[in-house]
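1. give the three-dimensional model of this entry:
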Amino acid sequence: MLDIKFLRANPEIVKQNIKNKFQDAKLPLVDEVIELDKEYRECKSRAEYLRSQRNSISKQIGMFMAKGQKEDAEKAKAEVSSMAAELEALSAKEVELEGEIRTRMLVIPNIIDPSVPIGKDDSENVEIEKFGEPVVPDFEIPYHTDIMERFNGIDLDAARKTSGNGFYYLKGDIARLHSSILSYARDFMIDRGFTYYIPPFMIRSSVVTGVMSFAEMENMMYKIEGEDLYLIGTSEHSMIGKFIDSQLDEAELPQTLTSYSPCFRKEVGAHGIEERGVYRIHQFEKQEMIVVCKPEESMQWYDKLWQNSVDFFRSLDIPVRTLECCSGDLADLKVKSCDVEAWSPRQQKYFEVGSCSNLGDAQARRLGIRVKNKEKGNYFAHTLNNTVVAPPRMLIAFLENNLNEDGSIRIPEPLRMYMGGKSVIEVPNK
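-> This is a model prediction of the structure:
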C-alpha cells in the first residue's frame with residue numbers, strides 16, 4: 001500500500017506506474033482517493049475546530065454560572081449540545097471516508113523499481129544470467145511421474161480417490177528424497193545465518209490482506225468455513241504476519257528467517273500437459289527465506305536472496321537461470337522480482353522453481369510493521385521473500401538432471417547424509 005502523502009503529492013507518477021503495469025482500469029482510483037482524502041481532511045479539520053470551540057465554550061459555562069448569568073449559561077449549553085451532534089456525525093463520516101480510502105489504496109499497485117523492464121506479461125520477462133551448463137543426455141528422459149513410478153514412489157490414482165486432482169502420495173525412496181531435500185534446504189539456510197522457524201499453517205484475514213493483494217487472495221487461498229482463518233499458500237504469509245502491529249528496534253534489523261511449511265493453493269486456471277503429475281498441485285511443502293530490513297538495505301538483500309537459491313540448486317548439480325519479471329508480471333505489492341528457473345533436460349528448456357521478491361514497505365504499511373528511530377523518527381520496514389526450495393516440483397528438476405542411463409538416480413554429495421549414505425538410488429527389481 002502506498003503512502004497517501006506520496007499519492008497526494010505525485011498523482012501522475014502513480015498513474016504512470018499503473019499504466020506501466022497495464023492496469024488502466026485502476027487509473028480512476030487515483031483521482032477518487034485524492035477527492036476522498038480532501039473530504040476526509042476537511043472533515044477532520046472541522047471536527048478539530050469544533051472540539052476547540054466546545055472546550056472554550058465549556059469553560060465559559062462555568063464562568064456564567066459563577067456570575068449567576070443563567071440565561072447565558074443555558075445558551076452556551078445549547079451551543080455545546082449542537083456541536084456534540086455535529087461532532088458525532090463528523091466522527092462517523094471520518095470512519096466511513098477512511099474505509100473508502102483504504103479500500104482503494106489497497107488496490108493501487110506499489111511503485112515498481114526503475115530497473116524493472118516494462119512488459120505486459122511473463123512472456124516479456126528478461127533473462128539475467130545462467131548458472132551451470134545445461135546438458136541433454138544421449139538417452140531419453142521420461143516424464144517425471146514415469147521416473148517416480150519406476151521406483152514405486154508415487155500414487156496419483158489413490159490420491160484422486162481420497163482428495164481429487166492436484167494431490168499425490170509419495171512413498172519409498174522418492175518420499176525420502178523429498179524429505180531429504182527439505183532437510184538439506186533447512187540446514188543450508190541455517191548455515192547462512194538464517195533463523196529456522198516452523199510457523200502456523202493458518203492465518204487470519206487481517207494477515208492475508210496485509211501480505212497479498214485481493215486478486216492473489218481470491219486465486220490462491222483456501223478459506224476455513226465458519227472461521228476467520230485461511231490455509232497459508234506459503235510460509236511467508238505467517239512469517240511476515242508475525243510482525244503485525246509491532247515496533248522493532250532498529251538494532252534488531254535485519255531479521256533473517258527461514259521457514260518450513262506445507263502450502264495450500266487453489267491453482268486457479270492451471271492447465272496444459274505440464275500441469276499433470278506434480279508440477280501444479282494444491283498441496284506441497286516448501287522452505288522459504290524472509291528478510292525484514294531497513295529500506296536502504298533491501299536491494300542488497302534482494303540480491304543475496306536470489307543468489308542463495310542459485311547456490312542451493314548448483315550444490316545439487318542442477319543448472320539454473322534467473323529471469324527478471326517485467327512490470328506486467330509483478331504482483332501489486334512487489335517493487336522488484338525475479339524467478340529462478342531450473343533446467344529440464346526432457347523439455348530442453350528452463351522452468352520456474354522459485355521466486356524472489358522485494359516488496360518495499362507495502363506489506364509493512366498494511367500490517368503496521370514500524371521501526372523505532374529516535375533521530376529520524378519511526379518508519380516502515382522493508383520486507384523480502386524468496387523460495388529456497390519447493391518440492392515436489394523441484395523433484396522434477398532433480399530427477400531429470402540426476403538420472404543415469406540405467407534408470408538409477410545419482411545422489412549428490414550434500415544429500416547423502418540425509419539419504420542414509422546412499423550415493424545412488426537403484427531401480428528396484430520387479
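2. residue most distant from the centroid, the chain?
-> Residue farthest from the centre of the chain, counting by CA atoms, centre = their mean, is residue 68 at 67.0 Å.
3. state the distance from it to residue 78.
-> Per CB to CB, to the nearest Å, residue 68 is found 18 Å from residue 78. Backbone N, C-alpha and C define where each C-beta goes, glycine included.
4. could you do residue 406 as well?
-> Separation of residue 406 from residue 78 (CB to CB) stands at 97 Å.
5. can you tell me how far the closest residue in space to residue 139 that isn't next to it in sequence sits from residue 141?
-> The shortest distance from residue 139 to any non-neighbouring residue, by CB to CB, 6 or more residues apart in numbering, is to residue 405 (4.7 Å). Residue 405 sits at a distance of 10 Å from residue 141 (criterion: CB to CB).
6. so for these two, which residue has more residues nearby?
-> A count of neighbours by other CB atoms under 10 Å puts residue 141 above the other of residue 405 and residue 141, at 18 against 9.
7. a strand runs through the more buried one, doesn't it?
-> No - counting by DSSP: H, G, I helix; E, B strand; the rest coil, residue 141 is not part of a strand but coil.
8. that one against residue 403, yeah?
-> Yes - here residue 141 reaches residue 403: they are 6.2 Å apart, a contact under CB atoms under 8 Å.
9. which residues are in contact with both of these two?
-> Common contacts of residue 141 and residue 403 (CB atoms under 8 Å, 6 or more residues apart in numbering): residue 345.
10. buried stuff in whichever helix or strand residue 127 is part of?
-> Assigned by DSSP states H and E, residue 127 falls within strand 126-131. Residues of strand 126-131 classed as buried by neighbour count (16 or more other CB atoms under 10 Å): residue 131.
11. next secondary structure after it?
-> Next element after strand 126-131 (DSSP H and E): helix 144-150.
12. could I have the CA atoms of stretch 280-297 written out in PDB?
-> Listed next in PDB are the C-alpha coordinates belonging to stretch 280-297 (Å, rounded to 0.1, in the frame of the first residue of the first chain):
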ATOM      1  CA  ARG A 280       0.900 -27.700 -10.300                       C
ATOM      2  CA  ILE A 281      -0.700 -29.100  -7.300                       C
ATOM      3  CA  HIS A 282      -3.000 -28.000  -4.400                       C
ATOM      4  CA  GLN A 283      -0.700 -29.100  -1.600                       C
ATOM      5  CA  PHE A 284       3.100 -29.100  -1.400                       C
ATOM      6  CA  GLU A 285       5.900 -28.300   1.100                       C
ATOM      7  CA  LYS A 286       8.400 -25.500   0.900                       C
ATOM      8  CA  GLN A 287      11.500 -24.000   2.600                       C
ATOM      9  CA  GLU A 288      11.300 -20.200   2.400                       C
ATOM     10  CA  MET A 289      13.500 -17.300   3.300                       C
ATOM     11  CA  ILE A 290      12.200 -14.000   4.700                       C
ATOM     12  CA  VAL A 291      14.000 -10.700   5.500                       C
ATOM     13  CA  VAL A 292      12.800  -7.700   7.400                       C
ATOM     14  CA  CYS A 293      15.300  -4.800   7.000                       C
ATOM     15  CA  LYS A 294      16.000  -1.100   6.700                       C
ATOM     16  CA  PRO A 295      14.800   0.500   3.400                       C
ATOM     17  CA  GLU A 296      18.300   1.400   2.300                       C
ATOM     18  CA  GLU A 297      19.400  -2.300   2.700                       C
END
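13. may I see the buried residues of that stretch?
-> 280-294.
14. pretty sure residue 294 is touching residue 382, no?
-> Yes - in this structure, residue 294 is within contact of residue 382 by CB under 8 Å, at 7.0 Å.
15. which stretches of the stretch 251-400 of the chain form helices?
-> 298-315, 362-367, 393-401 (DSSP state H, counting those that start in this stretch).
16. which one of these lies closest to residue 40?
-> Of all these, helix 362-367 sits nearest to residue 40, with 17.4 Å by CB to CB.
17. returning to what we had before: partner strands of the strand holding residue 127, parallel or antiparallel?
-> Applying DSSP bridges to the sheet, strand 126-131 is found paired with strand 320-324 (antiparallel).
18. that older thread, would TSV of the helices of the stretch 251-400 of the chain with mean neighbour count, mean pLDDT and distance to residue 177 be doable?
-> TSV is the format used below for these (neighbours: other CB atoms under 10 Å; pLDDT from 0 to 100; distance: least, CB to CB, whole Å):
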stretch	mean neighbour count	mean pLDDT	distance to residue 177
helix 298-315	19	98	15
helix 362-367	25	95	34
helix 393-401	25	94	7
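19. got TSV for those helices, with distance to residue 335 too?
-> TSV is the format used below for the helices of the stretch 251-400 of the chain (distance: least, CB to CB, whole Å):
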stretch	distance to residue 335
helix 298-315	8
helix 362-367	8
helix 393-401	26
